[in-house]
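Trainee: below is the sequence, then the predicted model.
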Amino acid sequence: MSSTSSPDRAVSSPATLRKVVAASMIGTTIEWYDFFLYGTAAALVFNRLFFPASEPLVGTMLAFGTYALGFVARPLGGIVFGHFGDRIGRKRLLMLSLVMMGAATVLIGCLPTHDQVGVWAPVMLIALRLIQGFAVGGEWG
């Protein structure tokens, strides 16, 4: 066996380990808070903003469907990030997943509504929710 270890497997000092744990906890808390906020917005306003042509109940169910997509994409993100994490390093992919989650969240906040761009608004919302779920799955993987 070799006595050298990869940077991802290096033994850290207790202070460094505390920083890593704190950063991971903060990142996870922010991601779950984002999912909580998205669920609230899906229940209250997304049916009118992204699915106004539908009946109110159908629009709300479609909005919750976009919420569910974030959970559906997680296993795929875990598989992909887990596979590539073994090859190129988990630290890089953890950073990539955090950037992907943050970028998708910001872009969801900037999305135009159905009144502005038509059917492209829900299509973009669905794509960004899939990216968010993929990123969260990658972080857990």
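Mentor: That came through fine.
Trainee: which stretches of the protein have low pLDDT?
Mentor: Residue ranges of the chain with pLDDT under 70: 1-12, 141.
Trainee: which helix is the longest one in it?
Mentor: Criterion DSSP state H: the longest helix present in the chain is helix 14-44.
Trainee: which elements pack onto the helix or strand following that one?
Mentor: Next along the chain after helix 14-44, taking DSSP states H and E as the criterion, comes helix 46-50. When contacts are defined as 3 or more CB pairs under 8 Å, 6 or more residues apart in numbering; DSSP states H and E, helix 46-50 sits against helix 56-72, helix 120-140. Placement of C-beta: from N, CA and C, glycine included.
Trainee: looking at those helices, which is buried most?
Mentor: Comparing those by mean neighbour count (mean count of other CB atoms under 10 Å), helix 120-140 ranks first with a mean of 20.
Trainee: just want the angle from it to helix 14-44.
Mentor: Here helix 120-140 runs at 150 degrees with respect to helix 14-44, directions being taken by axes from the mean of the first three to the mean of the last three CA atoms, to 10 degrees.
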